[in-house]
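Colleague: Kindly generate the corresponding structure for this input.
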Amino acid sequence: MILEQIMTRDVATLTPSDSIKTALQLMRDRKIRHIPLINEEMQLIGLVTDRDIKIATPILIEADLLNEIIDMPLSTVMTKNIITGHPLDFVEEITVIFYDHKIGCLPIVSGGKLVGIITSTDLLHTMVELTGANKPGSQIEIKVENKPGSLYEVTAVFHKHYINIHSVLVYPDPTDPNYTILVFRVATINPLNLIKNLIKEGLNVLWPGMTP
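Modeller: Have a look, this model is predicted:
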């Protein structure tokens, strides 16, 4: 999946010369926490977040000084060195950027112009959909040898018993590099018969465990 499939295109923007007060009002009206700052050519100049504004306007401050601060231009509080993405970037790779840099949003730029924005909430929603966690079903974990064809051997059993698969996740066995854990989200509420058949085929089902 690429970013242009999930990014918000109707981006609420301001300019560096707009006031902090204007940004506060826009955040309240649009229920957002991040505002990209652009110039007349739609080029990204900076970014301001609700956190930036909170730091600039502490609670314990005199009213006159507060009014003076919120009338200041956003250029005084904005972040200039911004990490950006491209509409054709893969969602999975962008998730790593969010994790590594601990950011809450990512402006999307194409042709030197701002074309969209992605937030951590957007990514979380997308990950839920990609894993099928929002669909009725069951989770099954199977330990297999780390070799070509292992995934096919397992999915062949699902096909044989007419079980639809919502998603598949793969991660290395933390105890043995020669093995891999396959995590399936399948479209069945009661997977007991499926598990029995998987075990009958000689597969190592880790979850859910079968009680004798």
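
Colleague: If we ignore the residues flanking it in sequence, what's nearest Ile45?
Modeller: Leu37 (4.9 Å; C-beta to C-beta, 6 or more residues apart in numbering). C-beta coordinates here come from the backbone N, C-alpha and C atoms, glycine included.

Colleague: what are the ranges of the strands in the chain?
Modeller: 34-38, 44-49, 105-110, 113-119, 138-145, 165-172, 179-186, 204-207 (DSSP state E).

Colleague: Any idea how far the fourth one is from the middle of the chain?
Modeller: When you say that, I think you mean strand 113-119. Taking C-alpha atoms, centre = their mean, to the nearest Å, one finds the center of strand 113-119 at 15 Å from the center of the full chain.

Colleague: One more: the second one?
Modeller: Going by C-alpha atoms, centre = their mean, the spacing between the C-alpha centre of strand 44-49 and its chain's C-alpha centre is 20 Å.

Colleague: about what we covered before: which strand residues bridge the residue nearest to Ile45?
Modeller: Leu14, Gly46 (DSSP bridges).

Colleague: need the contact list for it.
Modeller: 13-16, 18, 44-48, 74-75, 78 (C-beta atoms under 8 Å, 6 or more residues apart in numbering).

Colleague: swap in Ser17?
Modeller: In this structure, Ser17 makes contact with Pro73, Leu74, Ser75, judged by C-beta under 8 Å, 6+ apart.

Colleague: I'd like to know which of those residues is nearest to Met7.
Modeller: For these, the closest approach to Met7 (C-beta to C-beta) belongs to Leu74, at 22.6 Å.

Colleague: Spell out for me which residue occupies the centre of this protein.
Modeller: The structure's the chain has its C-alpha centroid closest to Leu123; by C-alpha atoms, centre = their mean the separation is 1.9 Å.

Colleague: What sits closest to that one if chain neighbours are left out?
Modeller: Counting by C-beta to C-beta, 6+ apart, Thr95 is the residue found nearest to Leu123 once chain neighbours are left out, at 5.6 Å.

Colleague: tell me the pLDDT at the residue located most distally from the centre of the chain?
Modeller: No residue in the chain sits farther from the centre than Asp64, which is 40.8 Å out by C-alpha atoms, centre = their mean. Note for Asp64: predicted pLDDT of 73.

Colleague: just Asn67 next, same as before
Modeller: 80.

Colleague: Give me the domain ranges for this structure.
Modeller: Domain segmentation of the chain under automatic domain parsing yields 3-128, 134-207.

Colleague: Relative to Thr84, how far out is Met127?
Modeller: Here Met127 is placed at a distance of 21 Å from Thr84 (C-beta to C-beta, to the nearest Å).

Colleague: Equivalent analysis for Asp64, please.
Modeller: Taking C-beta to C-beta, one finds Asp64 at 38 Å from Thr84.

Colleague: Please apply the same query to Leu192.
Modeller: 49 Å.
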